[in-house]
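**Student:** 3D, please:
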Amino acid sequence: MAKKNTSWVNIFKVVDEKFQLLGHYDYNELLENKTDFNDDLVIENYSNKTVTPYIKKSNSNSFGPIKHVEMGYFTPKHNNVLHVEEKEWLDKSTNIFYSALVDRVTIVLEKNEDKIKVSIFNFTKSRVVGYRYFKKESNDIHITFNIKTNNFYITTSTFSNRRRHTFTSKNDFSKIDTRIKSLKFQNNLSVLKGVQLNSSLNKRKINTINVTPLLTALYDELGLGNTTNSFKKNIFVGDQSEILGNIIMEWFVKVRSIKVPNDYKYYLINHYPGIKILKKNNMNLLQSILKENGLNGKFYNRLLNLNPKCNITDLTHLRDYLGDDNIKQIKPNILIKSNNFTDNKWVSYAKTLKLEGELNKHEKKNIINIYNTSLDCDRIKWFINELYDHISMREKLKSYGVVKKIKAKTILDFEQEHIEWASLINQLERNKEVSYIYPSKFLEHIEKPIIVDDTKYFVKVLDNDFEYFNEGQIQHHCVRTYLDRYDSIIISVRKDYPSNTNRMTCEFKMNNIGEPKLVQARMKYNAIPDNEWEIVKKLLRKEFLDYVCKPKSEVMPTINIYDKITNERKILKYSKEYAGFVSGEEIHELIDLPF
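**Tutor:** Here you go, the predicted model:
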């Protein structure tokens with residue numbers, strides 16, 4: 001028997017490499033006024049210098065924060081990082097007074113007897129001025145097509161801090177969204193760490209690597225080249241990463257003989273049911289997905305066929321609230337607008353409440369009417385989340401002995417009813433007042449307006465129960481319930497003017513070793529921030545981290561709690577030692593414990 005040939009044959013390869021250097025002087029000028037060594041003078045003198053810190057990470061048994069020790073200040077010779085040739089980089093990169101970085105992207109298409117593989121290798125080697133040794137990092141991805149078993153594999157491999165982590169998934173279409181579509185076939189011009197860059201470098205255009213020959217070769221190697229020109233034209237739409245994702249899906253559908261509608265990619269990425277379930281349903285993609293979600297009948301089948309991005313998760317929630325017969329009374333063009341939740345097969349159906357008393361027929365009819373009379377498509381698409389909150393409040397009021405029914409028949413009436421119920425719950429539960437007193441320096445730093453393209457965004461740290469309640473009313477989410485989460489710092493960002501209802505609500509937390517984290521950011525109706533607000537979110541996070549990482553920075557508030565029933569007041573303060581909020585009496589008791 002002849003030996004199987006498993007050696008790889010190179011079909012396509014391209015390498016893009018960038019070299020960066022930044023030289024520094026081997027001296028620093030002394031301060032002119034040696035007697036007046038004040039903070040402002042120090043800041044002015046060192047503002048244009050590169051800071052090289054020594055960083056010592058706390059071990060797993062330590063409760064202290066990461067330790068940063070300043071190693072030195074170095075004055076750059078140039079305002080810009082220099083992009084040089086390899087020879088010059090090799091000559092100067094080992095000089096301790098240079099910051100140096102090489103950034104390399106390698107893209108390869110290869111095959112053997114059984115497999116075809118696309119590999120993208122991202123490699124970075126860098127050293128900051130003052131350090132002796134280089135740091136190496138890599139982030140690689142491999143897409144392997146097994147043409148014998150008709151399976152594809154996506155493998156990611158990262159190397160950092162001398163450790164490599166590798167993960168492989170089989171026929172996982174969700175990775176096309178999370179891994180493939182985020183790929184950039186380009187050298188990303190990694191910036192030397194610790195270097196202050198001017199605007200000219202920040203605006204430098206990134207050179208995209210042309211991988212069209214690779215994608216065309218992959219298309220032909222996978223046997224897709226014998227299809228019609230219109231089919232090929234449909235695949236080669238979008239940027240290069242999107243085209244790669246299209247090729248993966250088209251190949252799998254073809255070799256597995258899966259029956260799909262004309263535009264099926266959304267459903268394949270978000271709801272791929274698996275080969276076993278497909279076989280049970282005659283390899284029909286939509287039938288398999290619908291049966292897995294308990295959506296049976298021609299109504300749902302027609303809805304998905306005609307609407308390539310129908311939110312199946314929301315559709316299932318609404319079916320559970322109203323029932324199959326009632327959901328069919330909602331106009332299809334309104335029904336398909338729902339896109340509130342992340343729509344994939346891994347979303348739990350916890351949003352479907354187990355009601356003690358189900359919605360009666362009048363309430364269901366009113367909900368149908370709210371949908372059908374809505375003229376604002378952008379408004380109604382978030383309605384299902386509000387409906388969940390509304391039903392939750394209905395059940396909460398019932399626990400207080402207050403029976404409420406959904407009487408609203410339009411979206412405007414519903415909004416008013418929602419506010420009335422929320423206000424009633426607030427009155428029933430408002431037996432105490434809570435106020436947060438944040439350090440003045442923290443507020444002064446974080447509440448500075450954020451400016452993006454001449455648009456001003458005002459920042460407000462919420463600090464009492466009224467502000468929490470008002471934010472929840474405006475945003476139509478449950479931030480009021482975070483009032484007792486003392487370790488959460490809630491920040492509201494408002495566009496154009498401080499009281500604007502066009503705003504974003506953010507939650508920050510400090511973990512038990514003092515590290516900050518942006519936990520979540522939400523728009524109105526719990527929507528995810530779009531492109532405009534995503535930029536604002538990142539800038540707010542940067543400002544938060546900039547303050548927290550300063551030495552001796554105080555972030556956590558003092559909390560005053562007043563109980564209206566008992567007329568008692570309580571003051572809580574954050575204790576780093578106990579990683580939580582405690583009162584003065586509790587601290588005293590902890591100190592006196594007989595260990």
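**Student:** which residues in the stretch 151-300 of the chain form strands?
**Tutor:** 151-160, 163-170 (DSSP state E, counting those that start in this stretch).
**Student:** oh, that last question was meant for the stretch 1-150 of the chain, not what I typed.
**Tutor:** Listed in chain order, the strands of the stretch 1-150 of the chain (DSSP E, counting those that start in this stretch) span residues 9-23, 50-56, 67-74, 82-84, 98-111, 115-127, 135-146.
**Student:** in the longest one, what's buried?
**Tutor:** Along strand 9-23, these residues count as buried under the neighbour rule (16 or more other CB atoms under 10 Å): 11-12, 18-23. Quick note: C-beta positions are derived from backbone N, CA and C, even for glycine.
**Student:** could I get the strands of the stretch 1-150 of the chain as JSON lines with distance to H271?
**Tutor:** JSON lines is the format used below for the strands of the stretch 1-150 of the chain (distance: least, CB to CB, whole Å):
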{"stretch": "strand 9-23", "distance to H271": "33"}
{"stretch": "strand 50-56", "distance to H271": "44"}
{"stretch": "strand 67-74", "distance to H271": "46"}
{"stretch": "strand 82-84", "distance to H271": "46"}
{"stretch": "strand 98-111", "distance to H271": "30"}
{"stretch": "strand 115-127", "distance to H271": "25"}
{"stretch": "strand 135-146", "distance to H271": "21"}
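**Student:** same list (these) but as JSON lines, adding distance to V402 and mean pLDDT.
**Tutor:** Below are the strands of the stretch 1-150 of the chain laid out as JSON lines (distance: least, CB to CB, whole Å; pLDDT from 0 to 100):
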{"stretch": "strand 9-23", "distance to V402": "66", "mean pLDDT": "92"}
{"stretch": "strand 50-56", "distance to V402": "56", "mean pLDDT": "64"}
{"stretch": "strand 67-74", "distance to V402": "54", "mean pLDDT": "66"}
{"stretch": "strand 82-84", "distance to V402": "69", "mean pLDDT": "89"}
{"stretch": "strand 98-111", "distance to V402": "62", "mean pLDDT": "93"}
{"stretch": "strand 115-127", "distance to V402": "59", "mean pLDDT": "93"}
{"stretch": "strand 135-146", "distance to V402": "55", "mean pLDDT": "94"}
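**Student:** quick one, which of the strands of the stretch 151-300 of the chain is packed in tightest?
**Tutor:** Between those, strand 151-160 has the highest mean count of neighbours, a mean of 17, where neighbours are mean count of other CB atoms under 10 Å.
**Student:** can you list the helices and strands that it packs against?
**Tutor:** For strand 151-160, the helices and strands in contact under the criterion 3 or more CB pairs under 8 Å, 6 or more residues apart in numbering; DSSP states H and E are strand 135-146, strand 163-170, helix 240-256.
**Student:** from I120, how far off is the nearest residue to S7 once chain neighbours are set aside?
**Tutor:** Of all residues not flanking S7 in the chain, N112 sits nearest, at 6.2 Å (CB to CB, 6 or more residues apart in numbering). The spacing between N112 and I120, counted by CB to CB, to the nearest Å, is 19 Å.
**Student:** then F414?
**Tutor:** As it turns out, when the distance is counted by CB to CB, F414 lies 49 Å from I120.
**Student:** same check, this time on I571
**Tutor:** When distance is defined by CB to CB, I571 is 56 Å away from I120.
**Student:** quick one, which of these two is more surrounded?
**Tutor:** Comparing I571 with I120 by other CB atoms under 10 Å, the one with more neighbours is I120, at 20 against 13.
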